[in-house]
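Colleague: Attaching a predicted model along with its sequence, questions to come.
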Amino acid sequence: MKAKVARWGNSLALRLPKQLTNSYHISEGSDVEIVEEAQGLLVKPLSGRHFHLEDLLKGVSKKNIHTEIETEGPQGREIW
């Protein structure tokens, strides 16, 4: 499938055909990874990982939680 490279400010942009964007669920603002391989460039869509606080907290235990960290005093007009 052919695509067109166009100027976008000081950079070049690759225009992706609608058929590919639909197949790989890519839309404006989607993150992709560009990998340089011996055969050329590989553009891979990155899946939008969504994190939920409850799931993240399941991995916290008394063994892996750190203690409080003491820092310097106030840097501005904080009430200490």
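Modeller: Everything's here; your move. Numbers count the residues shown, from 1 in each chain.
Colleague: Name the spans of the chain whose pLDDT lies under the cut-off.
Modeller: 48-49, 80 (pLDDT under 70).
Colleague: Show me the strands in it, by range?
Modeller: Per DSSP state E, the chain carries strands over the ranges 4-8, 11-15, 32-37, 40-45.
Colleague: Could you tell me how many residues sit around the residue nearest to R15 when sequence neighbours are not counted?
Modeller: Distance criterion Cβ to Cβ, 6 or more residues apart in numbering; nearest residue to R15, sequence neighbours excluded, is K4 at 4.8 Å. C-beta here means a position set from N, CA and C on the backbone, and glycine is covered the same way. When neighbours are counted by other Cβ atoms under 10 Å, K4 registers 9.
Colleague: Pretty sure I26 sits against P45.
Modeller: Yes. Using Cβ atoms under 8 Å, I26 is in contact with P45, at 5.2 Å.
Colleague: what's the overlap in contacts for the two?
Modeller: V32 (Cβ atoms under 8 Å, 6 or more residues apart in numbering).
Colleague: and the gap between the residue most central in space within the chain and H66?
Modeller: Per Cα atoms, centre = their mean, the C-alpha nearest to the average position across the chain is that of D31, at 6.0 Å. D31 sits 30 Å away from H66, going by Cβ to Cβ, to the nearest Å.
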